[in-house]
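**Q** Have a look; sequence and predicted model below, questions after that.
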Amino acid sequence: MKTFFKEILRTLTYRSVFLLSLPMLMLAAPSCEKSDEPDPTALKAPVLTAGETTDTSLEVRWEAVERAAHYEWEFNSTSGETTNHSFFASDLTPSTSYTLRVRACPAAENKSLLPSEWSEITLTTGERRLEDVLSIKILHISDIGVQVESSSTQTEETYYLRISPADQVDGRSDEEIRAADRAFFEEEARTLGFTLSEYLDLRLDKGTTVTTSGALSPNSAYCVYGYGMRNDGTVTSNLVRKSFRTLSNETPQIAITLGTIETTSVEASFAPQDGDIEYAALLRPAAAYLELGDEECLKKLVEELVKEGIDGTSLLKGDATRTFDMLTPDTEYLLFAFGYDAESQQAFTSLSRKVFKSARELSELTVEITVEDITPETAQVAFIPSDKNATYFYSVEPAHQFEGLTDEEFIARAVANAKASGLLSFYLTSGDEAYRQDLYPDMDYVAFAFGFEYGSMQVTTGLFRNEFRSGHLDVPELGIDIKVSNLTSDTATVTFTPTNDEAYYFSYVAPSAEFAGLDDDAMIEKALSLPGYALAFVDCGTLDFDAELSPGTEYTAIAFGYEHDMPTTKPFTLTFTSPEWEDPSQLFKISHSNLTSDSADIHVIPADKQMRYFSDLKLSSDYEGLTEEEITRKMIDEAWYISLYIHYGILDEPFSGLQADTEYTYFIFGYDSDTGTRTTPVTSYRIRTAAQ
């Protein structure tokens, strides 16, 4: 309507006085004569382009439209005219979209032209240019919590701080984050029955604050961000972000190690991963906590701390050792440790716990232990208790099994070993015990005993022990000569010739890489570990050992005296290298023999004699056109018992029940049965059986 009246006024301005004096009836009367003037045409619409845009202003430009006298515009509920070819607006709201409409208009006296169609453009102002007044510093990170220090340079200005999962802020602009926060504030305020101002008074911080959060997920990404904000919702500074990841909870955030356990006290050491955090170290009777999960337990402990307060010994920092006393004998307890912020009364690490039982009040039973007539292989051992009716645990073991243990740890290991073997009752007795103990020569032993009640499974005394060493075994002087003959790329005969045909010795051949950098003792230990059953390689007299070799590989033949399950000499060695194959890249050599109409023998020599490989003979027609992956899968699927198809070393494999005058393919490839994967390309070898 506004535009219509403007057109009427423009028309009246330029009409002649004569027309103005005509009666209204004549103006309204229809003309019976046809006008000779052509129909008016519309101007072209201006093409709008964006100019410079700021957070509070925008500019739009356009090229001059031919025969246009001026331009009309409409913007933000206002309108106007201009003869310029641009439009500028200021004092706008940041991050807000605005639409400008412009059309070209002819001169009022030009009746042959009409205004153009409206052109339209929408622009968005930039974000508010705010100052950086907030700094964020992450003080400590644990598996479930974080401590953050925030500080504003504008000490009297308030700000908002939030710790958020990273996926809720990553990829979002600062304005989008603030808009989401604003919507959350308004919803929360409505829910609580507060005005926005009342709600923000509770949520905003000022100056320097330390914020603790203890409800995060382990090994997860988070973002802490903040920005200046007043309680009316006005944003006063830029948004500052800082990303972090919580620690994994696979290892405890605070390790607890038990020391000496007495009837009424226990010593415990605490070692936090982060030495700067403060943490609570608490002792509680186990009964009220054992059935609680970590979250329930942690909640209960924090509630107790808040209610009872923290004494001078409950809150620790860094590695610390503390003695807890006033324990009840023979009672189960739990030691707890977790990061704790006393100001916010929050836990911010996961819970570490250690269960133990206070010592029983021990009986007066004693056990005298004697060891006599010690030889390299036996000793006479006697256990004599002060109370012939009391039950006690007794044994003789190699001393190295208990080296470095306290008496309590010694007893715990002995009982655990006996339980694991299912022979606990075998080690229990009462009254005097005396017997001949079998020993290994030149070894330290400990004969020990302690009171033990089988019904209650309780230790009733301290540890009684007698340490001794078995006698020295004199073995004959022994030297071993080693020679290699018949050396090929794949085999060799290694001859071991001892200087004493009655002395036993261990012999083996292995790649030299197995022994690289080892001294004599370590070489012997390694050699004994290589065969699946070492005693199968203990012999006396001259031995010819047929070794299977990998081409182009250095080997070490090793031998040393070995009796009574112990080495008796230094290692004797000989190093040699097998020749390369003609084609070092070849993985398998395959040949056949004894080929008939229904049978054949396949001979396989792998380059790597230690490699496990899968092989079988198949009808060629069943595998035509298959890829290596398809061949592998088909062969494994068809293997009715896969271990029968897996071999290592040189192989002579007979096949029978074949079809006459038929082509077969022998497929072979390296195979890791632990992972079920092929480890080499597939090698194939074709044969055709004889006619019937």
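**A** That came through, no problem. Numbers count the residues shown, from 1 in each chain.
**Q** which residues does the residue nearest to F468 when sequence neighbours are not counted form a beta bridge with?
**A** Once flanking residues are discounted, F468 sits nearest to V371: 4.7 Å by CB to CB, 6 or more residues apart in numbering. Glycine gets a C-beta too; all of them are placed from N, C-alpha and C. With DSSP bridges applied, V371 shows beta-bridge pairing to V381.
**Q** contacting residues for V371?
**A** A379, Q380, V381, A447, N466, F468 (CB atoms under 8 Å, 6 or more residues apart in numbering).
**Q** Relative to N84, how far out is it?
**A** According to CB to CB, to the nearest Å, V371 and N84 sit 115 Å apart.
**Q** Just name the shakiest helix or strand of the chain by mean pLDDT.
**A** helix 17-21 (a mean of 33; mean pLDDT, DSSP states H and E).
**Q** In contact with A660, which residues are there?
**A** S597, D598, T689, A690, A691, Q692.
**Q** ok, now Y71?
**A** P46, W62, V65, E81, T82, T83, N84, H85, V102, R103, A104, C105.
**Q** got it, and T493?
**A** V484, S485, N486, D544, F545, D546, A547.
**Q** so where does I602 fall, helix or strand?
**A** Under the criterion of DSSP states H and E, I602 resides in strand 599-606.
**Q** Quick check: beta-bridge partners of I558?
**A** Going by DSSP bridges, I558 forms beta bridges with Y508, T573.
**Q** Model confidence score at it, please.
**A** pLDDT, I558: 97.
**Q** Also the one 4 residues further on?
**A** At Y562, the pLDDT value in this model is 91.
**Q** Surely it touches F506?
**A** Yes. Contact criterion CB atoms under 8 Å: Y562 and F506 qualify, at 4.2 Å.
**Q** Low-confidence bits of the stretch 251-400 of the chain, can you list those?
**A** 312 (pLDDT under 70).
**Q** show me where it has helices.
**A** 294-308 (DSSP state H, counting those that start in this stretch).
**Q** Nearest residue to Y340 in space, please, no chain neighbours.
**A** Nearest one to Y340, counting by CB to CB, 6+ apart, is A280 at 4.2 Å.
**Q** what's across from the one you found in the sheet?
**A** L315, F338.
**Q** was I right about S213 contacting Q346?
**A** Yes. Using CB under 8 Å, S213 makes contact with Q346 at a distance of 7.4 Å.
**Q** so how many other residues sit close to A68?
**A** 20 (other CB atoms under 10 Å).
**Q** who's in contact with it?
**A** A68 neighbours (CB under 8 Å, 6+ apart): L43, P46, A104, C105, P106, S116.
**Q** Show me how to select, in PyMOL, the buried members of the contacts of T493.
**A** Selecting the buried subset of those in PyMOL, with 16 or more other CB atoms under 10 Å as the burial test, is done by:
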select buried, resi 484+545+547
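**Q** Excluding sequence neighbours, find me the nearest residue to D608.
**A** S550 (5.1 Å).
**Q** Kindly apply the preceding question to E120 instead.
**A** R101 (5.1 Å).
**Q** Given the host helix or strand of the one you found, what are its sheet partners and their directions?
**A** Per DSSP H and E, R101 falls inside strand 97-105. The strands beside strand 97-105 in its sheet (DSSP bridges) come out as strand 70-75 (antiparallel), strand 119-124 (antiparallel).
**Q** how about these in JSON lines, adding distance to F393 and mean pLDDT?
**A** Converted to JSON lines, these look like this (distance: least, CB to CB, whole Å; pLDDT from 0 to 100):
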{"stretch": "strand 70-75", "distance to F393": "96", "mean pLDDT": "95"}
{"stretch": "strand 119-124", "distance to F393": "83", "mean pLDDT": "94"}
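**Q** just the ones you listed: most buried one?
**A** Stretch with highest mean neighbour count among these: strand 70-75 (a mean of 18; mean count of other CB atoms under 10 Å).
**Q** continuing past that strand, what's the next helix or strand?
**A** Following strand 70-75 in sequence, per DSSP H and E, is strand 78-82.
**Q** Touching, S116 and L48? I think so.
**A** No. Using CB under 8 Å, S116 is not in contact with L48; the gap is 11.9 Å.
**Q** now E74: how far from E397?
**A** Counting by CB to CB - E74 and E397 are separated by 99 Å.
**Q** first vs last residue of stretch 272-292, how far apart are they?
**A** With CA to CA, to the nearest Å as the measure, stretch 272-292 spans 23 Å from end to end.
**Q** meant to ask about stretch 227-234
**A** 11 Å.
**Q** Run through who's touching that stretch.
**A** 130, 133-134, 152, 154, 157-160, 174, 178, 182, 185, 196-197, 200-201, 204, 235-240.
**Q** If we use 10 Å, what do you get?
**A** The contact list for stretch 227-234 (CB atoms under 10 Å, 6 or more residues apart in numbering) reads 128, 130-134, 152-154, 157-162, 174, 177-178, 181-182, 185-186, 195-205, 235-241.
**Q** Of these, which belong to helices?
**A** Mapping the contacts of stretch 227-234 onto helices (DSSP state H) picks out 174, 177-178, 181-182, 185-186, 196-203.
**Q** Report the buried members of these.
**A** D174, I177, R178, D181, F185, L196, Y199, L200, R203.
**Q** Identify the farthest-apart pair in those residues.
**A** Distance extremes for those: the farthest pair is D174 and Y199 at 21.7 Å, using CB to CB.
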